[in-house]
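Peer 1: Prediction below, plus the sequence it came from.
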Amino acid sequence: MAQASPSRYGASLVEAVSSDPKTFNDIVSTDANSSAVTGLLFEGLTSADPYTLKVIPNLAKSWDISPDGLQWTFHLREDVQWSDGVSFSAEDVVFTFNDLIYNPDIPSSSKDVLSIDGKPIKVEKIDHCTVRFILPVKFAPFLRALSQSILPKHCLIQSVKEKKFPFTWGIDSPPNEIVGTGPFMLSEYHPGERLVFKRNPHYWKKSAQGEALPYLDKLVYLIIPDSQAQLLKFIDGELDAISVSGADYPLLKPMEGPKNFRIYEAGADYGTEFVTFNQNAGINPQTQKPYVDPVKLSWFTNLKFRQAIAHAIDKGKIIEILNNGFGLPQDGPMSPSSGFFYNPHVKSYDYNLEKARDILKQAGFWKIGKGILLNLIYIPLIPVRHSAIKWRPSSVRICNP
């Protein structure tokens, strides 16, 4: 194995997160801050190329597909070790799916994602480095879904047998007990203050030159709930990187030279802000009342009403005023950052209050002197990232559209 120049190793990177993780257990994790941490510790059989977004091998080096598209045979890398030095194997994959994800006693959002037509995928070991997945029907997102984190059987099987797994690897766990195949290991956790990660010495991935990765020896996440406090710490040099909002861009841009940093525009963000109307026509079994007021439900299920709202939103002004021009309008459920999944031909609704009013009149919503519609809504736009920008949701009120 090639060795990198000593100067490449030994550095640390300090960033900020807005809140503490709720767990270090990736199977039961449901919040973004926990996932941001577990994403450093665990890996899946596949991952996405960061430039093309195409599915690429990860813990699995290759796979074969049966002619009917229902059987997928994955060949695992032989050089992968867990962070405690134990070899990774097919046993870990089968355990993760059969004993964790599909376990009825363990709450996991992955169970829904990895169930097809309500049925689980059959997962079986072929040999030490080979696993077969048998699907009930063809499932287009299957390969992408296998980015699901794999957890170590040798560390967790006992907690499953004792029915304690949902409480395993909580935030009170000693960091050295948390074992993964990711590039980093949790080194310290001080609630409300910081998370410290150290380089995983057993990490399998190498650079194009064959150098051991990662180059960083340490990664620190400071827990700073307030975005303005994060900004000030970055300006003072306490943070190495920060997400830049459109509102903060005019302040930071002139400081690039004097403060020795650089702002990068990274294109459309993966997250979007959007309008959603609750169209659940069901009855709450606990209250025996409708989930949605019947009057509002009649609005929300009316296509004309939704079209009028779409015409009443001035996306251009929202982008210009709230985000200093750093944003893109979005007309469908997927943004350009979604790559293959983005459809640029979705119908667009231009900002036109007269058209919105006419549609409401035609649909029977508008009555002169009486008709007033007031809605608190999310802004549908795609923020443009600088570095790794995440925009905060904003809201506007639409009166008398």
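Peer 2: Sure, I can see it.

Peer 1: Tell me how far stretch 296-305 lies from the chain's centre.
Peer 2: Between the centre of stretch 296-305 and the centre of its chain there are 30 Å (C-alpha atoms, centre = their mean, to the nearest Å).

Peer 1: Check the separation of the first and last residues in it.
Peer 2: Stretch 296-305 has an end-to-end distance of 11 Å (C-alpha to C-alpha, to the nearest Å).

Peer 1: now do stretch 269-284
Peer 2: End-to-end distance for stretch 269-284: 36 Å, by C-alpha to C-alpha.

Peer 1: what separates that stretch from the chain centre, distance-wise?
Peer 2: Centre-to-centre, stretch 269-284 and its host chain are 17 Å apart (C-alpha atoms, centre = their mean).

Peer 1: I'd like the mean pLDDT over it, please.
Peer 2: Averaged across stretch 269-284, pLDDT comes to 86.

Peer 1: and what of stretch 108-127?
Peer 2: Mean pLDDT, stretch 108-127: 93.

Peer 1: Phe326 and Ala247 touch, don't they?
Peer 2: No. Counting by C-beta atoms under 8 Å, Phe326 stays clear of Ala247, with 9.6 Å between them. From N, CA and C alone the C-beta is placed, and that goes for glycine too.

Peer 1: between these two, which one's more packed in?
Peer 2: The neighbour count for Phe326 versus Ala247, taken as other C-beta atoms under 10 Å, is higher for Phe326 (21 against 16).

Peer 1: and that one, what pLDDT?
Peer 2: For Phe326, the predicted pLDDT is 86.

Peer 1: cool, the one 3 residues further on as well?
Peer 2: The confidence metric pLDDT takes the value 88 at Pro329.

Peer 1: what's the distance between it and Asp248?
Peer 2: According to C-beta to C-beta, to the nearest Å, Pro329 stands 22 Å off from Asp248.

Peer 1: With Lys361 instead?
Peer 2: Taken as C-beta to C-beta, the span from Lys361 to Asp248 is 42 Å.

Peer 1: before we move on, what about Gln148?
Peer 2: 35 Å.

Peer 1: now swap in Tyr51 and tell me
Peer 2: 27 Å.

Peer 1: that older thread, when Gln148 and Asp248 are compared, which one has more neighbours?
Peer 2: Each of Gln148 and Asp248 has its neighbours counted (other C-beta under 10 Å); Gln148 has more, 23 against 19.

Peer 1: Let me see the contact set for the closest residue in space to the more buried one that isn't next to it in sequence.
Peer 2: Using C-beta to C-beta, 6 or more residues apart in numbering and skipping the chain neighbours, the partner closest in space to Gln148 is Gly44 (5.0 Å). Gly44 makes contact with Asn58, Leu59, Leu146, Ser147, Gln148, Ser149, Ile150, according to C-beta atoms under 8 Å, 6 or more residues apart in numbering.

Peer 1: Doesn't Gly44 lie inside a strand?
Peer 2: No. Counting by DSSP: H, G, I helix; E, B strand; the rest coil, Gly44 falls outside a strand, being coil.

Peer 1: Quick check, pLDDT for Gly369.
Peer 2: pLDDT, Gly369: 50.

Peer 1: Let me fix that, I meant to ask about Leu219.
Peer 2: Predicted confidence (pLDDT) for Leu219: 97.

Peer 1: Which residues does the helix or strand encompassing it contact?
Peer 2: In this structure, Leu219 sits in strand 218-223 according to DSSP states H and E. Under the criterion C-beta under 8 Å, 6+ apart, residues 11-20, 36-37, 40, 184, 187, 191-199, 233, 238-239 lie in contact with strand 218-223.

Peer 1: rerun that using 10 Å as the cut-off
Peer 2: Applying C-beta atoms under 10 Å, 6 or more residues apart in numbering, the external contacts of strand 218-223 come out as 10-21, 33, 36-37, 40, 183-184, 187-199, 229-230, 233, 238-240.

Peer 1: next SSE after that strand?
Peer 2: Heading C-terminal from strand 218-223 (DSSP H and E), you reach helix 227-235.

Peer 1: CA atoms of that next one as PDB?
Peer 2: This file holds the C-alpha atoms of helix 227-235, laid out as PDB (Å, rounded to 0.1, in the frame of the first residue of the first chain):
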ATOM      1  CA  SER A 227     -27.100  30.200  13.200                       C
ATOM      2  CA  GLN A 228     -25.900  33.700  13.900                       C
ATOM      3  CA  ALA A 229     -23.700  32.400  16.700                       C
ATOM      4  CA  GLN A 230     -22.300  29.900  14.200                       C
ATOM      5  CA  LEU A 231     -21.600  32.800  11.800                       C
ATOM      6  CA  LEU A 232     -19.800  34.800  14.500                       C
ATOM      7  CA  LYS A 233     -17.600  31.800  15.500                       C
ATOM      8  CA  PHE A 234     -16.700  31.300  11.800                       C
ATOM      9  CA  ILE A 235     -15.700  34.900  11.500                       C
END
